[in-house]
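*Asks:* Starting from these lines, generate the structure:
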Amino acid sequence: MKVLVPIKRVIDYNVKVRVKPDHSNVDLANTKMAINPFCEIAIEEAVRLKEAGIATEVIAISIGDKSCQEQLRTALALGADRAIQIETDESLDALNIAKLLQKVVEEEQPQLVILGKQSIDSDNNQTGQMLAALTGMPQGTFASEVKFDGDKVNVTREVDGGLQTLALNLPAIVTTDLRLNEPRYASLPNIMKAKRKPLVVRPAADFGIDLSPRTKLLKVTPPAERKAGVIVESIDELVDKLKNEAKVIS
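*Replies:* Residues are numbered from 1 along each chain as shown. All right, here's what the predicted structure looks like:
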């Protein structure tokens, strides 16, 4: 079984995000980048499927400029067999990313596409669902458990009321939630081996897709800074501040 894992290059989650002075976008200068955490979970799950003898090949794919090769090499070090970079300097919205992934799915014919439920930068939670709609493949989102049963995959997903288990016919699309697994660290020997694994670069223009943006980024602003707390001397003073300053009680 072939497994395709789309991954995204994002700002490392440990880094404090800076906004450009003109509020046009996030400042990426000298910023540490990493694989999107939900994508790491997807890679880990795909590698575990291969180690269990269910998957025969794991393919990592990313869309972006040359810099995303760093994250693809990390995916290879974590256990992916080969990687594909769709090269573009444009910042693509979720629909265009899904359309490019659709073309790769048609070429590679994977039995499972597993990807993070969302990226921590745009936080849209759209690509997996759009890809499922474009390919006509069944989908299981927010997966906290993935189990194979013959030609079906049972996906336990987290919903507001608890857990829901879906049986999907293969090929299928699964998006990962935080509790699916805990990603491993890449060992030094595997990092060295990853340098020799195949990484194919393909221009986005080769896929014949109109990549005109459907959305426009208008403005980026940092979250409001929280004011420092104060120490009150009595319950009466606390109630007074909650009523007259914070205005959270009446």
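
*Asks:* residues making contact with the worst-scoring helix or strand of the chain on mean pLDDT?
*Replies:* Lowest by mean pLDDT, DSSP states H and E among the helices and strands of the chain is strand 26-27, with a mean of 86. Contacts with strand 26-27, where a contact means Cβ atoms under 8 Å, 6 or more residues apart in numbering, come from 11, 17-20, 121, 220. C-betas here are computed from N, CA, C, even on glycine.

*Asks:* are any of those buried, and which?
*Replies:* Among the contacts of strand 26-27, the ones that count as buried by 16 or more other Cβ atoms under 10 Å are Ile11.

*Asks:* which of the contacts of strand 26-27 sit farthest apart?
*Replies:* Lys20 and Asp121 (14.4 Å; Cβ to Cβ).

*Asks:* quick one: what helix or strand has Ile41 in it?
*Replies:* helix 37-51 (DSSP states H and E).

*Asks:* And that helix, what's buried?
*Replies:* Here helix 37-51 shows 37-50 as buried, counting by 16+ other Cβ under 10 Å.

*Asks:* Restricted to helices, list the contacts of strand 26-27.
*Replies:* Taking DSSP state H, every one of the contacts of strand 26-27 sits outside helices.

*Asks:* so where do the helices sit in this protein?
*Replies:* Counting by DSSP H, the chain has helices at residues 37-51, 69-78, 94-108, 127-135, 188-194, 235-244.

*Asks:* The shortest one packs against which elements?
*Replies:* Meaning helix 188-194. helix 69-78 (3 or more Cβ pairs under 8 Å, 6 or more residues apart in numbering; DSSP states H and E).

*Asks:* so what pLDDT did Ala55 get?
*Replies:* Turning to Ala55, the model gives it a pLDDT of 95.

*Asks:* Now it: closest residue in space, sequence neighbours ignored.
*Replies:* Among residues not flanking Ala55 along the chain, Leu49 sits closest, at 4.0 Å (Cβ to Cβ, 6 or more residues apart in numbering).

*Asks:* got it, and Lys243?
*Replies:* Leaving aside its chain neighbours, Lys243 sits nearest to Ile249 (5.3 Å; criterion: Cβ to Cβ, 6+ apart).

*Asks:* what's the neighbour count on that neighbour?
*Replies:* By other Cβ atoms under 10 Å, the residues close to Ile249 number 8.

*Asks:* And for Arg184?
*Replies:* Counted with other Cβ under 10 Å, the neighbours of Arg184 add up to 14.

*Asks:* In a markdown table: the buried residues of helix 37-51, plus distance to Lys2 and pLDDT.
*Replies:* Formatted as a markdown table, those follow (distance: Cβ to Cβ, whole Å; pLDDT from 0 to 100):
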| residue | distance to Lys2 | pLDDT |
| --- | --- | --- |
| Pro37 | 24 | 95 |
| Phe38 | 21 | 95 |
| Cys39 | 18 | 96 |
| Glu40 | 20 | 96 |
| Ile41 | 19 | 97 |
| Ala42 | 15 | 97 |
| Ile43 | 15 | 97 |
| Glu44 | 17 | 97 |
| Glu45 | 15 | 97 |
| Ala46 | 10 | 97 |
| Val47 | 14 | 97 |
| Arg48 | 16 | 97 |
| Leu49 | 11 | 97 |
| Lys50 | 10 | 96 |
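
*Asks:* hmm, which two among those residues are most spread apart?
*Replies:* Farthest pair in the buried residues of helix 37-51 (Cβ to Cβ) is Pro37 and Lys50. Separation: 20.9 Å.
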